[in-house]
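# got a predicted structure here, sequence first:
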Amino acid sequence: MVNNIEVVQMTPEHLDGVMIIENLSFKIPWSRNAFMDELSTNQMALYVVAVSGSEVIGYGGLWRILDEGHITNIAVHPEFRRCGAGSRILDKLLEICDINGIRSLTLEVRKSNLPAQKLYEKYGFKAEGLRKGYYSDTGEDALIMWRHTAG
C-alpha cells in the first residue's frame with residue numbers, strides 16, 4: 001500500500017519514470033519524443049504525474065479544446081495498481097478541468113478493460129459510443145465515454 005501519493009504537473013524530469021510505465025502498460029507505447037512534444041509544444045496539452053517519494057508511479061494527460069477535454073492517457077505502474085493512484089490522477093485532471101472551464105470530458109477505453117471502465121463510471125463517465133477496431137495492436141473496439149457537467 002502506498003501512503004504518500006502526490007499528483008503534480010508533469011515536467012521533462014519525470015519522463016524516465018513515465019517511459020517505464022508507458023512501456024509496461026501498452027503494446028504500442030508512445031515515444032519519449034511524443035511526450036516531450038506534448039510538454040513543450042502542444043498548447044492544448046495538460047499532463048500530471050503521480051509520485052510516491054521521488055518515484056513516478058503513474059501519469060495522465062488531457063487535451064483542452066475550447067470547453068471540452070479529451071483524456072489522452074492514464075496509466076499506473078503495474079506494481080502500484082489498485083492503490084488509489086489512478087483515482088488521484090483522475091481527481092487532479094478533473095480539478096484542472098474545473099479551473100480551465102472544461103465542461104465536457106471524453107476518452108476512449110478498451111472494451112475489455114473493465115477495471116478502467118469502472119473507475120471512469122465512478123467519476124460520472126458514461127459509455128456513449130463505440131469506435132470499431134480502434135486499437136491497432138489487436139483491432140479491439142474502444143468505448144467512447146463522456147462526462148458532462150453543468151455550467
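The structure has been received and is ready for your questions.
# would you map the helices across this structure?
15-25, 32-40, 85-99, 114-122 (DSSP state H).
# nearest to residue 137, out of those?
Of all the helices of the chain, helix 15-25 sits nearest to residue 137, with 12.2 Å by C-beta to C-beta. For the C-beta atoms, the positions are set from N, CA and C on the backbone; glycine is no exception.
# now the closest one against helix 32-40, angle please.
130 degrees (axes from the mean of the first three to the mean of the last three C-alpha atoms, to 10 degrees).
# what's next to helix 15-25, contact-wise?
Under the contact criterion C-beta atoms under 8 Å, 6 or more residues apart in numbering, helix 15-25 has outside partners 10, 29-30, 32, 35-36, 49, 55-59, 75-78.
# and for stretch 131-146?
27-28, 104-112, 117, 120, 125-130.
# buried ones in the strand ranked longest in the chain, by neighbour count?
Across the chain, the longest stretch assigned as strand under DSSP state E is strand 55-65. Under the neighbour-count criterion of 16 or more other C-beta atoms under 10 Å, strand 55-65 has 56-64 buried.
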